[in-house]
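In: one predicted model, sequence on top.
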Amino acid sequence: MTAFRSAAPAALLALAASLPLLPGPALAAAPEEEIARLRAELAALQARLEALERRAAVPASVDPASVSAPVPTPPAVATNEAPAAPPAARSRPEVKLGGRIHWEAYAFDTDQRPATGGTEFRRVRFQLQGALHGWGFRLQPEFAGGDAELRDVYLQHALGAGTLTIGQFKPYRSMDELTSSNDGWALERGPTSASGLFTGRQWQQGLGWQVGGEAGGFGIALFGLRNSNEPRNEGHGLSLRGTRMLRIDEQTFWHVGGWLSLEEGGAGTPARDIGFSYGGRRGPSAVLRQTAAGSAFSQQSAGVELAGARGPWHWQG
């Protein structure tokens with residue numbers, strides 16, 4: 001490096017000095033392309049010299065190869081060659097830690113149905129999510145209730161105009177089902193969710209593809225009828241969901257949507273009691289339907305939804 005640094009300035013000075021000392025007729029006869037090429041070479045040598053000087057200034061304890069220095073863009077030269085493609089950007093891993101703790105307290109004025117008050121940890125979840133080489137991931141175990149279970153466990157990757165999800169996730173069904181428990185409009189979800197129609201089938205394993213934006217979106221999912229803490233079974237399902245957001249003014253928004261869920265049982269599919277806890281999780285509940293086990297299980301569900309917001313107020317149904 002020392003030899004190059006001592007010789008490079010002399011070469012630059014010699015090249016720069018030779019240009020104005022050319023005889024007048026010879027300079028006039030030189031093609032414009034040759035002059036442009038010489039100027040480009042001069043600029044490239046100057047940029048190389050500056051980069052080496054910056055690296056030489058790095059302390060000996062630092063690897064010079066790890067120091068990135070901006071490379072000046074050489075002057076444009078007329079040529080028939082295509083410009084070189086920029087080097088691919090390095091993929092940096094992204095990892096985020098999170099979670100949630102929901103602690104609830106109950107007090108009942110018992111009437112015709114017995115109910116027990118008290119407190120409980122409704123949700124205690126740890127979440128690890130991030131991205132690496134174009135793939136996103138999420139791992140979310142649940143520790144409430146005394147037994148550890150898995151919630152979201154999936155990989156994601158861009159596919160066409162949308163995102164492909166592989167693993168265990170919520171199928172694209174009702175708004176009440178997909179809204180996060182951190183953002184729910186009531187303490188409990190309604191009957192068109194895993195608190196009712198989809199009891200025991202809130203998180204399912206399969207494939208999903210979803211595309212969306214500020215104006216709305218669409219999603220489709222293919223999945224099996226099994227939670228991570230249940231035995232394997234051959235049940236399967238399909239869900240579709242579409243939404244549209246209408247902006248009336250700066251303060252008013254309307255949301256319209258529809259969804260369809262088709263589920264068919266198979267060998268090992270468990271029976272379900274589809275109920276609705278109308279007095280809270282620890283309160284009384286009503287059974288809406290009792291499903292059969294195995295291949296006799298069959299459920300077709302559909303719904304439409306309408307929601308709106310104006311300033312701090314919002315509503316949905």
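Out: Ah, there it is. What you see is a predicted model, and the numbers here were worked out from it, not measured in a lab.
In: now residue 44, what are its backbone angles?
Out: phi -70, psi -40 (degrees, to the nearest 10).
In: now it: how far from residue 33?
Out: Residue 44 sits at a distance of 16 Å from residue 33 (criterion: CB to CB, to the nearest Å). Every residue, glycine included, has its C-beta placed from N, CA and C.
In: just residue 258 next, same as before
Out: Taken as CB to CB, the span from residue 258 to residue 33 is 65 Å.
In: which one's more surrounded, the two?
Out: Comparing residue 258 with residue 33 by other CB atoms under 10 Å, the one with more neighbours is residue 258, at 14 against 11.
In: tell me what that one is bridged to.
Out: residue 242, residue 304 (DSSP bridges).
In: which stretch of helix or strand covers the closest residue to residue 167 other than its chain neighbours?
Out: Nearest non-adjacent residue to residue 167, counting by CB to CB, 6 or more residues apart in numbering: residue 154, 3.0 Å away. For residue 154, the host element (DSSP states H and E) is strand 149-159.
In: can you show me the CA trace of that strand as CSV?
Out: Output of strand 149-159 as CSV, limited to C-alpha atoms (Å, rounded to 0.1, in the frame of the first residue of the first chain):
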residue,chain,number,x,y,z
GLU,A,149,-49.6,-23.6,24.0
LEU,A,150,-48.5,-22.1,20.7
ARG,A,151,-50.4,-19.3,19.0
ASP,A,152,-48.8,-17.7,16.0
VAL,A,153,-46.0,-19.8,14.6
TYR,A,154,-45.3,-19.0,11.0
LEU,A,155,-43.0,-17.9,8.2
GLN,A,156,-43.9,-15.2,5.7
HIS,A,157,-42.5,-14.2,2.3
ALA,A,158,-43.6,-11.8,-0.5
LEU,A,159,-45.5,-13.6,-3.3
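In: in that strand, what's buried?
Out: 149-154, 156 (16 or more other CB atoms under 10 Å).
In: what packs against it?
Out: For strand 149-159, the packing partners by 3 or more CB pairs under 8 Å, 6 or more residues apart in numbering; DSSP states H and E come out as strand 135-142, strand 162-169.
In: neighbouring strands of it in the sheet, and parallel or not?
Out: The sheet places strand 149-159 alongside strand 135-142 (antiparallel), strand 162-169 (antiparallel), with pairing taken from DSSP bridges.
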